[in-house]
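Asker: what follows is a predicted protein model with its sequence.
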Amino acid sequence: MNYLKIELPSKNKTEVLALGAQSKSSFCFVKKHVAYLSGPGGDLDEIDDLRIFEKKIRQLKKTLKARPRIIACDLHPEYISTRLANEMVQKGSVLIPVQHHEAHIASCIIDNGLKAPVIGVAFDGTGLGLDGNIWGGEFFVGTLRDLKRTAHLKYIPMPGGASSVKEPWRMALSYLYSVYGAGFKDLKIDFIKRLDKKKRDLLVQIIDKGINSPMTSSMGRLFDAVSSIVGICWVASHEGQAAIALEKAMDGALGLKVKGYKFSIAENRDVFIIDPERLIRGIVKDLRNKIPEGIISLKFHNCVCDMIKETCMLLRKRYKIRKICLSGGVFQNRYLNKGLRPLLEGEGFDVYLHTRVPTHDANIALGQAILALKG
């Protein structure tokens with residue numbers, strides 16, 4: 001069986017089993033001073049993948065002679081892994097739910113053997129937040145014992161809920177509506193021309209009435225929106241398709257020196273909120289001016305880099321922390337992965353990405369196990 005052995009900084013008397021997230025299914029046993037992390041699997045919505053997942057858990061549990069007293073899982077009650085965790089809780093054991101993005105940052109801290117406080121940047125598509133909203137564009141500060149959410153992307157409605165993941169045009173409409181109001185219908189761009197008027201008006205209604213339109217701070221959903229506004233991806237048949245296509249569109253523009261789009265950062269109750277309104281307006285202006293999609297994509301990616309840099313600089317000024325951990329599926333993006341380190345190091349930060357553990361949801365189980373032990 002393939003699993004990664006990770007030496008932990010201290011010996012633990014309590015054994016833990018963490019069941020990870022929904023996709024990239026992995027689990028993690030902690031016994032004494034070692035975490036045993038399984039390799040990534042499929043989506044637990046698929047019955048065959050679920051059976052393989054359960055079989056691997058039984059096999060490793062038997063091999064390790066493990067008797068976990070803590071069962072850790074994601075906060076999301078509808079995840080198959082969460083339901084499975086509830087079923088595994090027996091007399092003498094306890095269930096500990098762990099927030100998705102905190103688990104991302106915890107896994108990066110352990111992956112890099114860090115003890116000092118960090119600024120954690122967790123960017124991905126979906127994860128239930130502590131406030132009941134859908135997170136995914138998050139900044140934290142602290143250590144494994146006291147991670148605190150200190151900044152995030154501004155909330156935006158996800159019209160249709162999970163349908164927005166498979167139909168990025170929904171997020172495109174949501175962003176345009178949030179920026180231009182009802183006047184978005186008159187924008188002279190191809191995206192508006194392509195919109196079915198009945199579907200358009202229906203989505204505006206469900207946004208206005210708050211029907212099946214959860215609020216999200218997800219960076220993954222912003223990537224989806226931009227990809228669709230530009231005309232690159234309307235409907236996605238697989239995870240990350242819109243973001244991957246948007247990154248691919250840059251190929252012809254790489255090497256050009258163009259600045260990223262503008263954005264704003266405001267403060268609300270000691271939390272910094274990143275507002276992409278100026279970004280959206282900049283993209284619409286470029287589309288009107290027939291700027292090639294490759295340049296628009298490059299400007300967008302540079303904007304995301306700037307968002308991270310500027311927010312981290314604000315957090316460093318406030319919390320006196322210069323170590324940064326980057327985790328989450330968005331950081332599979334090659335341009336971000338390659339460009340962020342020199343950008344941030346140029347501002348005096350120490351930057352840590354994953355080295356042994358994947359940056360996507362396959363690292364969640366490790367973070368869950370560690371945070372459950374520390375909780």
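Answerer: Good, I have the coordinates.
Asker: from here on, contacts and neighbour counts on C-alpha atoms
Answerer: Will do.
Asker: what ranges of the stretch 1-150 of the chain fall below the confidence cut-off?
Answerer: For the stretch 1-150 of the chain, residues meeting the criterion pLDDT under 70 lie at 1.
Asker: where do the helices sit along the stretch 251-375 of the chain?
Answerer: Along the stretch 251-375 of the chain, counting by DSSP state H, counting those that start in this stretch, helices occupy 277-288, 293-319, 334-345, 364-374.
Asker: which of these sits most buried?
Answerer: Each of these was scored by mean neighbour count; the highest is helix 364-374, a mean of 27, by mean count of other C-alpha atoms under 10 Å.
Asker: out of the helices of the stretch 251-375 of the chain, which comes closest to Asp146?
Answerer: Set against Asp146 and scored by C-alpha to C-alpha, the helices of the stretch 251-375 of the chain come closest in helix 364-374, at 9.3 Å.
Asker: how about the helices of the stretch 251-375 of the chain in a markdown table, adding mean pLDDT?
Answerer: Compiled in a markdown table, those are given as follows (pLDDT from 0 to 100):
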| stretch | mean pLDDT |
| --- | --- |
| helix 277-288 | 98 |
| helix 293-319 | 98 |
| helix 334-345 | 95 |
| helix 364-374 | 95 |
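Asker: can I get these in a markdown table with distance to Leu17?
Answerer: Supplementary listing: the helices of the stretch 251-375 of the chain in a markdown table, determined by distance: least, C-alpha to C-alpha, whole Å:
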| stretch | distance to Leu17 |
| --- | --- |
| helix 277-288 | 42 |
| helix 293-319 | 33 |
| helix 334-345 | 30 |
| helix 364-374 | 7 |
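Asker: nearest to Glu46, of the ones you listed?
Answerer: Shortest distance between Glu46 and the helices of the stretch 251-375 of the chain, using C-alpha to C-alpha, is found for helix 364-374: 18.9 Å.
Asker: packing partners for that closest one?
Answerer: Using 3 or more C-alpha pairs under 8 Å, 6 or more residues apart in numbering; DSSP states H and E as the contact criterion, the neighbours of helix 364-374 among helices and strands are strand 3-18, strand 28-38, strand 70-74, strand 94-98, helix 100-111.
Asker: just to revisit the earlier point, how about the helices of the stretch 251-375 of the chain, which one is nearest Leu246?
Answerer: Go through the helices of the stretch 251-375 of the chain one by one with C-alpha to C-alpha and the one that ends up closest to Leu246 is helix 293-319, at 6.3 Å.
Asker: show me what that closest one is packed up against.
Answerer: With contacts defined as 3+ C-alpha pairs under 8 Å, 6+ apart, helix 293-319 has these neighbours: strand 118-123, helix 277-288, helix 334-345.
Asker: before we move on, the earlier item: out of the helices of the stretch 251-375 of the chain, nearest to Ile70?
Answerer: In this view, the helices of the stretch 251-375 of the chain are compared for proximity to Ile70 by C-alpha to C-alpha, and helix 364-374 is the closest at 7.4 Å.
Asker: now the closest one against strand 3-18, angle please.
Answerer: Going by axes from the mean of the first three to the mean of the last three C-alpha atoms, to 10 degrees, helix 364-374 is angled at 50 degrees with respect to strand 3-18.
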